[in-house]
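Engineer: Pasting a predicted model and its sequence here:
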Amino acid sequence: MDFAQSRLDQPFEVRREAVETLSNFSPSLVAERLRQIAWSDSNEGIREEAIESLADLRDSAANLMLLDIARNHPSVHTSKEALDRLQDQLF
């Protein structure tokens, strides 16, 4: 599961697909890793994919992570993406 974060030399699309694939696993196994990627990856597109994957988990712990990102992430784009994903789940 470290592939998406640690292989920054890989093409964007390979990294994006790796992050997306994490949402196919149990939330208890991948939510924290997706949160780390959403917080720390330097690429906005990869952070966005991590947020989308967190939302796809449809898990209360993942939703709390999205809320934290929406409230506290220094990137306005990343914060807005997390908020949008939370709103999508409510409506």
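Structural biologist: Yep, it's here.
Engineer: Run through this structure and note the low-pLDDT ranges.
Structural biologist: Scanning the chain with the threshold set as pLDDT under 70 gives 1-9.
Engineer: So which bits of stretch 54-63 are buried?
Structural biologist: Leu54, Ala55, Asp56, Leu57, Asp59, Ala62, Asn63 (16 or more other C-beta atoms under 10 Å). Glycine gets a C-beta too; all of them are placed from N, C-alpha and C.
Engineer: Pull the most distant pair out of the residues you listed.
Structural biologist: Greatest spacing in the buried residues of stretch 54-63, by C-beta to C-beta: Asp56 and Asn63 (11.4 Å).
Engineer: Burial check on Met65, number of neighbours?
Structural biologist: A count of nearby residues for Met65, using other C-beta atoms under 10 Å, gives 24.
Engineer: so what's it up against?
Structural biologist: Met65 is in contact with Ala31, Leu34, Arg35, Ala38, Leu54, counting by C-beta atoms under 8 Å, 6 or more residues apart in numbering.
Engineer: Pull the most distant pair out of these.
Structural biologist: Across the contacts of Met65, the longest distance by C-beta to C-beta is 10.4 Å; it joins Ala31 and Ala38.
Engineer: More neighbours: which of these two?
Structural biologist: Ala38 (27 against 23).
Engineer: so what's the more buried one closest to, chain neighbours aside?
Structural biologist: Once flanking residues are discounted, Ala38 sits nearest to Ala50: 4.0 Å by C-beta to C-beta, 6 or more residues apart in numbering.
Engineer: surely the one you found meets Ile37?
Structural biologist: Yes. Counting by C-beta atoms under 8 Å, Ile37 is a contact partner of Ala50 at 4.0 Å.
Engineer: re earlier: any idea how far the residue nearest to Ala38 lies from Glu17?
Structural biologist: Distance, Ala50 to Glu17, by C-beta to C-beta, to the nearest Å: 12 Å.
Engineer: one step back: what about the residue nearest to Ala38, helix or strand, and which?
Structural biologist: Of the helices and strands defined by DSSP states H and E, Ala50 is found in helix 44-56.
Engineer: Now find how far off-centre that helix is within its chain.
Structural biologist: Chain-centre distance of helix 44-56: 3 Å, with C-alpha atoms, centre = their mean, to the nearest Å.
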